[in-house]
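Student: Model the structure of this input:
(chains A and B)
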Amino acid sequence: MIAYNRQSLDNLEIRQEANEAFKQGCISEDMQRAIHEAYPVKLYMPNLMISIGLFILTCIVIILSLCFFGLLNLEMFGDNFHILGIVWGLLCYVACELSVRGGRQCFHCGIDDALLYGAIIFIHGGLTLKSDPSMTVHSAIALLLTLLATLRFANAFCAGVAYLALLMLIFNLSTGPVAMAVLPFLIMLISGGVYLAVRKWKTRNSFRYYRNCLTVVEVLSLITLYAAGNYYIVRELSITMFEIELAPGQDIPFGWLFWILTVTIPLLYLYYGIRKKDVIRLRTGLLLVAAIVFTVRYYHHLLPLETAMVAAGILLIGGAWLLIRYLQTPRNGFTYKETDQQALMDKLQVESLIISETLTPSAPQQGMEFGGGTGGGGGASGQY
Amino acid sequence: MNILLFKKLYQENLIDATALEKMETANRNRLFSLHWEIKTILYLGVLLLSGGLGILVYKNLDTIGHQIIIVLLAAVSIAGFTYCYKQKAPFSYDKVESPNAFFDYALLLGCLTFVTFIGYLQFQYGLFGSRYGLATFVPMAVLFFSAYYFDHLGVLSLAITNLAAWAGITVSLRRILYANDFSNHTLTYTALLLGAGLYIAGILSEQKKIKPHFAFTYQNFGAHIFFIAACAAIVVFEHTYVLWFLLAAGAGALVIRHGFRLRSFYFVLIAVLYMYVALTITIGCVLYRFADIDAILLALFYLIASATGIIILLIHLNKKIKS
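Tutor: Residues are numbered from 1 along each chain as shown, chains lettered A, B, ... in the order given. Next up is the predicted model:
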């Protein structure tokens, strides 16, 4: 089923474990080298930066050669351009297979990813361009294509899209008043079911090549479980999609229930994330706490924005300070010091890039008033 | 960690008994790190607090509450700097590890509120009169000093963007193209000089061993500013575009050579891509003169062939850096 060389994938995992052990100082460099020699990996995996470059360039080549080909054969296709789409998609797919199984066995090196996405997009476009079908058909085709792509190439992005396409399909199939009323709970049920299934599958040895895909679906299922019960999403979707008329001040049916779900689910994620030491639940929970804040602020203006910002800032900094003091010596298996696993983040100096990106001053312009411009944290910097 | 796997490796004699034992102890005492979670919370806190204070000052310019906010702003800034001054490790020209994660963000908060504070003083009391340059120069100097004194990469990036702002250039990924008017020739020259200067500053900090780990930040800003200005120059200067292309290509070659020495895939990649963009713009300028369907086909053919060529080049360069 999977296109890549299984032996190489297994060896790759062993190598990664060995690198991890080396970083934590458990094995010596000689042992690491010995392991690398005993378990050869023939896959082509360039540096991340180079992969990004390869991805961009492959996209350019795919799109422009389509333009080139289309322009040269303008008369041949006439108004049957959807056939060109399907042909081009199939060509991309063949090229992708060749890049993976040919002499240079690409493994998520940018080239194979771009070709795979190209194949999916062009085949999908080709199938739907002429007939212009309903959203149900769109999501069904997308689900089928991305699912096949995930199974064949273990592509995490495709796995995420496949999961979302599945939800879209269910969403579009639910017509009629009863289905609409239970839709939030149906989506929550499915998300929860998928989450539990994925957690189980991750430990299964036969799914070992798909762990990254499963992690993506795991995160997404947690998010969709929350989103389906979020007050803002339920209310706005009820109004726009199902054309429910709400008088000003009127609440949606079971509004209180959705408010409870909005506030409790992220806190539950956080609680279980900390108790079970599960990074995924913890980080998703933290992210969704922000969603609580935005949802509440959208309907209830408790404080003016800037006061809320200052208060939240003080609260967050104070909380972090207390947490750091509390974890000065590791407690209950928690530490605030970094373990070596995220060394990549440091290497790229992501932190300083984010700081400069969000807090940049603009070049001063003559006659600009103080505080007139930058919405970022810098406030009035750079203007006078 | 997968202990079963390492037991298997032990049986294959690839690791010895002490290593396996170490592995088992490490696995038993594994700590769960909240490092990035705490850092994110701190970052958000600093962002919200400094941003909120900035807006508060701006909105309450003419009320009595204003003075209180200004005092608050100054207090936050002083508190941040004082905390850092007390906690900091002795100064060294090498990399100094920060005492804890809170230290970094206290300094950031101090610096940001200081910049807002100076901006306010200039607006309300005309601290620097009409010498507007000075009003951006002073915060910049303080930022550079703090970056070196407390060893903080984030503050260094802020200082560099302030330096660019002082020179009249907006440096931000999202805004660099439309916030700057490159048809203004002075701006183009300034940006080229600034980019080159920053890149050289990076090389110097490495060679002279003055905070060598700052080199990446300088070179990153320098390379991007320089190449974007050079590409803009190719478009803007209609008659001399070939010369500007040669300049970009020459600089690209230097960056690639330097990238090889640092074994940095990142710099090699951006230099290759920028050189490619510069070449494409130049060829586009030439083809633009014959605006007909053949020129478009020719352009498409060039783009396909060249992009394929660059893919092969990147694969080749990747192999070369690795070996």
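Student: now the helices for chain B?
Tutor: For chain B, the helices defined by DSSP state H cover B:3-11, B:17-28, B:35-59, B:65-87, B:101-125, B:132-150, B:153-167, B:185-207, B:215-236, B:241-262, B:265-288, B:293-322.
Student: wait, which of these is closest to A:Arg6?
Tutor: The closest of those to A:Arg6 is helix B:3-11. By Cβ to Cβ, the value is 16.4 Å. Just so you know, the C-beta spots here come from the backbone N, C-alpha and C atoms, and that holds for glycine as well.
Student: Packing partners of that closest one?
Tutor: For helix B:3-11, the packing partners by 3 or more Cβ pairs under 8 Å, 6 or more residues apart in numbering or on different chains; DSSP states H and E come out as helix A:6-23, helix B:17-28.
Student: go again using 6 Å as the cut-off
Tutor: helix B:17-28 (3 or more Cβ pairs under 6 Å, 6 or more residues apart in numbering or on different chains; DSSP states H and E).
Student: Which residues does stretch A:305-324 contact?
Tutor: Contact with stretch A:305-324 is made by A:336, B:38, B:41-42, B:44-45, B:48-49, B:51-52, B:55-56, B:100, B:102, as judged by Cβ atoms under 6 Å, 6 or more residues apart in numbering or on different chains.
Student: re earlier: adding mean pLDDT and mean neighbour count, write the helices of chain B out as JSON lines.
Tutor: As requested, these are exported to JSON lines (pLDDT from 0 to 100; neighbours: other Cβ atoms under 10 Å in any protein chain shown):
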{"stretch": "helix B:3-11", "mean pLDDT": "78", "mean neighbour count": "15"}
{"stretch": "helix B:17-28", "mean pLDDT": "75", "mean neighbour count": "15"}
{"stretch": "helix B:35-59", "mean pLDDT": "84", "mean neighbour count": "22"}
{"stretch": "helix B:65-87", "mean pLDDT": "87", "mean neighbour count": "16"}
{"stretch": "helix B:101-125", "mean pLDDT": "86", "mean neighbour count": "24"}
{"stretch": "helix B:132-150", "mean pLDDT": "87", "mean neighbour count": "19"}
{"stretch": "helix B:153-167", "mean pLDDT": "89", "mean neighbour count": "25"}
{"stretch": "helix B:185-207", "mean pLDDT": "90", "mean neighbour count": "18"}
{"stretch": "helix B:215-236", "mean pLDDT": "91", "mean neighbour count": "23"}
{"stretch": "helix B:241-262", "mean pLDDT": "91", "mean neighbour count": "17"}
{"stretch": "helix B:265-288", "mean pLDDT": "90", "mean neighbour count": "19"}
{"stretch": "helix B:293-322", "mean pLDDT": "87", "mean neighbour count": "16"}
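Student: Which one, of those helices, ends up nearest to A:Ile141?
Tutor: Taking Cβ to Cβ, helix B:293-322 is the member of those nearest to A:Ile141, at 28.7 Å.
Student: do that closest one and chain A meet?
Tutor: Yes. Helix B:293-322 lies within reach of chain A by Cβ under 6 Å from any Cβ of the partner chain, at B:300, B:303-304, B:307-308, B:310-311, B:314, B:318.
Student: packing partners for that helix?
Tutor: Right, helix B:293-322 is packed against helix A:48-72, helix B:265-288 by 3+ Cβ pairs under 6 Å, 6+ apart.
Student: redo that, cut-off 10 Å
Tutor: Identification of packing neighbours for helix B:293-322 by 3 or more Cβ pairs under 10 Å, 6 or more residues apart in numbering or on different chains; DSSP states H and E yields strand A:43-44, helix A:48-72, helix A:111-129, helix B:241-262, helix B:265-288.
Student: To B:Leu153, which of those lies closest?
Tutor: Of the helices and strands packed on helix B:293-322, nearest to B:Leu153 by Cβ to Cβ is helix B:265-288, at 15.5 Å.
Student: what's near enough to touch B:Asn60?
Tutor: A:306, B:66-70 (Cβ atoms under 10 Å, 6 or more residues apart in numbering or on different chains).
Student: 7 Å instead?
Tutor: B:66, B:69 (Cβ atoms under 7 Å, 6 or more residues apart in numbering or on different chains).
Student: can you check B:Lys59 too?
Tutor: Per Cβ under 7 Å, 6+ apart, neighbours of B:Lys59: A:Glu306.
Student: what does B:Ala251 give?
Tutor: B:226, B:230.
Student: Report the separation between it and A:Leu268.
Tutor: For B:Ala251, the distance to A:Leu268 (Cβ to Cβ, to the nearest Å) stands at 54 Å.
Student: do B:Tyr274 as well
Tutor: 48 Å.
Student: Kindly report the same for B:Gly168.
Tutor: Taking Cβ to Cβ, one finds B:Gly168 at 52 Å from A:Leu268.
Student: Which of those two has more residues huddled nearby?
Tutor: For B:Gly168 versus A:Leu268, neighbours defined as other Cβ atoms under 10 Å in any protein chain shown are more numerous around B:Gly168 (19 against 12).
Student: how about the more buried one, phi and psi?
Tutor: Dihedral pair for B:Gly168: phi 100, psi 20, per degrees, to the nearest 10.
Student: ditto for A:Val41
Tutor: phi -120, psi 120.
Student: now swap in B:Glu238 and tell me
Tutor: phi -70, psi -30.
Student: For the nearest residue to B:Lys211 once chain neighbours are set aside, list the residues it contacts.
Tutor: Counting by Cβ to Cβ, 6 or more residues apart in numbering or on different chains, B:Lys211 lies nearest to B:Ser205, which is 5.6 Å off, once chain neighbours are set aside. By Cβ under 7 Å, 6+ apart, B:Ser205 lies in contact with B:211-212, B:214-215, B:218.
Student: same check, this time on A:Leu116
Tutor: A:96, A:149, A:153, A:155.
Student: near chain A, which residues of the stretch 101-250 of chain B?
Tutor: Selection of the stretch 101-250 of chain B residues close to chain A by Cβ under 7 Å from any Cβ of the partner chain yields B:101-102, B:108, B:112, B:115-116, B:119-120, B:122-123, B:132, B:135-136, B:139, B:153-154, B:157-158, B:161-162, B:165, B:168-173, B:179, B:216-217.
Student: Roughly how far does the residue nearest to B:Lys211 sit from B:Pro212?
Tutor: 6 Å.
Student: list the helices and strands the helix or strand A:Arg275 falls within packs on?
Tutor: Under the criterion of DSSP states H and E, A:Arg275 resides in helix A:255-276. Applying 3 or more Cβ pairs under 7 Å, 6 or more residues apart in numbering or on different chains; DSSP states H and E, one finds that helix A:255-276 contacts helix A:211-229, helix A:231-240, helix A:279-299.
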